[in-house]
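Peer 1: here are the coordinates; sequence isn't available:
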């Protein structure tokens, strides 16, 4: 298992196991699966309630859903201490390179560069970057100066 050495502010070196490409992809697929389930439920709910007749309501519901989809990673990492639902289930977490919790700015930069890592490069650029970089970081991680590691301490679960 690959590790990364983090030097804390107290000048203590800690080795963290780095989350592998497979774990990161699996966490993302869990998150996407949750969004697919919600989308199906919204479609069924819309069909059953007959609210398809009300275009404004349908547009509002799907606009909220779209905003949640776009901002999900940013919001979940901020409010769930560097984890999304998929990351939490797979016990991986985003931390700063100094070993502490990432700052709001780091989460924002990481989220912003998700466009570069995944959207603009058809999902391939971020995966290639994780596969070839020494610390298994995608472009957003490198710019924001943090990485995703596998939880090895029970108090991080």
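Peer 2: That came through, no problem. All figures in this text were calculated on a predicted structure; none of them were measured in a lab.
Peer 1: Quick check: residue 38 vs residue 113, distance?
Peer 2: Residue 38 sits 25 Å away from residue 113, going by C-beta to C-beta, to the nearest Å. C-beta coordinates here come from the backbone N, C-alpha and C atoms, glycine included.
Peer 1: between those two, which one's more packed in?
Peer 2: Comparing residue 38 with residue 113 by other C-beta atoms under 10 Å, the one with more neighbours is residue 113, at 18 against 13.
Peer 1: which residues of this structure fall in helices?
Peer 2: With DSSP state H as the criterion, the chain has helices at 21-49, 55-79, 85-89, 104-112, 114, 124-132, 139-144.
Peer 1: Mind putting these into a markdown table with mean pLDDT?
Peer 2: Listed next are these as a markdown table, based on pLDDT from 0 to 100:
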| stretch | mean pLDDT |
| --- | --- |
| helix 21-49 | 90 |
| helix 55-79 | 90 |
| helix 85-89 | 95 |
| helix 104-112 | 88 |
| helix 114 | 78 |
| helix 124-132 | 72 |
| helix 139-144 | 74 |
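Peer 1: mind putting these in a markdown table, distance to residue 4 included?
Peer 2: Shown next, in a markdown table, are these (distance: least, C-beta to C-beta, whole Å):
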| stretch | distance to residue 4 |
| --- | --- |
| helix 21-49 | 14 |
| helix 55-79 | 19 |
| helix 85-89 | 17 |
| helix 104-112 | 16 |
| helix 114 | 21 |
| helix 124-132 | 13 |
| helix 139-144 | 11 |
